[in-house]
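Student: Based on what follows, work out the 3D shape:
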Amino acid sequence: MIGFLTWWGAVWDVWHTPIRILTILVVAVIARSLLLLSVKRVIRGIISGMNGKAAVASGLVQNARVVQRAQTLGSVLSNFITWTVVLAAVSSVLSELGVAVGALVAGAGILGAAVGFGAQSLVRDLISGLFIVFEDQYGVGDSVDLGQATGVVESVGLRVTQVRDVSGVLWYVRNGEVVRVGNQSQGWSRVVLDIPIAYSAPLDKAREVILHAAHSISRDERFTKQLMGEPEVWGIELLSGEQVVLRLVQQVGPSHADEVARELRARIKIELDQNEIALATTKTPIHIEVSGKAVN
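Tutor: Presented below is the predicted three-dimensional model:
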């Protein structure tokens, strides 16, 4: 034992700097691996939990959003861990070599400020992307209006959001350029239909027919889970000499407004035809006098 200690003391006197550097590198690698493994396990647990819920319920959009947020946050945390460990290890190694780390940090700060000033748009995109993810402003599968693009979100990254519009065009929107977000897929949505009725049509009967058509959709199994609450006719939205516009509203679940609205229009059209209630027309009659007689 005494011989080993003597040998180790001699080795330490000669090789203490390389031994310390090697120890720092080994500890850094082990710490990074353990931290990254912890992050991956947490993210994997969230994703597997969402997949299990998707097999039981039909909340695929919400599950996709949670998975997307988890993956994005996992990527951010992994990069943060890697750079933190690397910087800590490099500064420790430089200290062991006798390098003035403080002077390097000051120089790196000046260089970082210069680079940050030149790449401020990129930094703004990254910061905006972080807030979009943390605040859950929108996620994969959401129907959104970002000002520059309107459509369904296909991917949310830290720098760019991908939106597919109704024509199939895939838009790449920089997160730093998103000034406002209109999200039609969070919580609930509302179908708003303005039905123009001919001015001469009986108003009470038209209201009754429209409500009957709106109530009939709730008895259809395809739409039962999409509806929230009862349909309402709020009243006259527009009144003119040619038409009376009645407004019908129906609260629905997120991402179902377009589908329900199309079905409501079809059912209302059938009900109005069956009850001989005419929709308003934009045609304006013109009377021409021919040989003393008025002709349309």
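Student: Now residue 136. Nearest residue, chain neighbours left out?
Tutor: residue 69 (6.7 Å; C-beta to C-beta, 6 or more residues apart in numbering). (C-beta placed from N, C-alpha, C; glycine too.)
Student: Tell me how far the helix or strand hosting the one you found lies from the chain's centre.
Tutor: In the assignment (DSSP states H and E), residue 69 maps to helix 60-96. The chain centroid and the centroid of helix 60-96 are separated by 21 Å under C-alpha atoms, centre = their mean, to the nearest Å.
Student: Over to stretch 20-31?
Tutor: 41 Å.
Student: With stretch 241-258 instead?
Tutor: 25 Å.
Student: Which positions in that stretch come out as buried?
Tutor: Using 16 or more other C-beta atoms under 10 Å as the test for burial, stretch 241-258 gives 243-244, 246-248, 250-257.
Student: The stretch of helix or strand residue 161 belongs to: what's the following helix or strand?
Tutor: Using DSSP H and E, residue 161 maps to strand 160-164. Per DSSP H and E, strand 160-164 leads on to strand 170-174 as the next helix or strand towards the C-terminus.
Student: Quick check: which ranges of the chain have low pLDDT?
Tutor: For the chain, the stretches flagged by pLDDT under 70 are 1-14, 50-65, 68, 72, 100-119, 282-296.
Student: Show me where it has its strands.
Tutor: For the chain, the strands defined by DSSP state E occupy 143-145, 150-156, 160-164, 170-174, 182-183, 189-198, 232-239, 243-252, 288-290, 293-295.
Student: Could you dump those into CSV and include distance to residue 49?
Tutor: Below are the strands of the chain laid out as CSV (distance: least, C-beta to C-beta, whole Å):
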stretch, distance to residue 49
strand 143-145, 25
strand 150-156, 20
strand 160-164, 25
strand 170-174, 30
strand 182-183, 24
strand 189-198, 26
strand 232-239, 38
strand 243-252, 27
strand 288-290, 74
strand 293-295, 75
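Student: of all these, which lies closest to residue 81?
Tutor: strand 150-156 (21.4 Å; C-beta to C-beta).
Student: So what touches that closest one?
Tutor: For strand 150-156, contacts defined as C-beta atoms under 8 Å, 6 or more residues apart in numbering pick out 68-69, 72, 129, 132-133, 138-144, 161-166, 170-171.
Student: again, 7 Å this time
Tutor: Contact with strand 150-156 is made by 68, 72, 132-133, 138-144, 161-166, 171, as judged by C-beta atoms under 7 Å, 6 or more residues apart in numbering.
Student: Phi and psi next, for the nearest residue to residue 186 once chain neighbours are set aside.
Tutor: Excluding the flanking residues, the one nearest residue 186 by C-beta to C-beta, 6+ apart is residue 254, at 6.2 Å. Main-chain torsions, residue 254, degrees, to the nearest 10: phi -60, psi 140.
Student: Distance of residue 254 relative to residue 176?
Tutor: 27 Å (C-beta to C-beta, to the nearest Å).
Student: Of all the strands of the chain, which one comes closest to residue 47?
Tutor: Per C-beta to C-beta, nearest to residue 47 of the strands of the chain: strand 150-156, 15.5 Å.
Student: by how many degrees do that closest one and helix 60-96 diverge?
Tutor: 40 degrees (axes from the mean of the first three to the mean of the last three C-alpha atoms, to 10 degrees).
Student: what's the angle from strand 150-156 to strand 160-164?
Tutor: 140 degrees.
Student: And strand 150-156, how far out from the chain middle?
Tutor: So, by C-alpha atoms, centre = their mean, the centroid of strand 150-156 is 7 Å from its chain's centroid.
Student: Quick check: closest non-adjacent residue to residue 207.
Tutor: residue 233 (5.2 Å).
Student: Pairing partners for the one you found in the sheet, please.
Tutor: Beta-bridge pairing for residue 233 (DSSP bridges): residue 248.
Student: from what I can see it touches residue 246, true?
Tutor: Yes: in this structure residue 233 lies within contact range of residue 246 using C-beta atoms under 7 Å: 5.8 Å.
Student: Next, show the common contact partners of those two.
Tutor: Shared contacts of residue 233 and residue 246, counting by C-beta under 7 Å, 6+ apart, come down to 207, 210.
Student: count of residues packed around residue 32?
Tutor: Using other C-beta atoms under 10 Å, residue 32 is surrounded by 17 other residues.
Student: so it makes contact with residue 81?
Tutor: Yes: Residue 32 is within contact range of residue 81, at 6.4 Å (criterion: C-beta under 7 Å).
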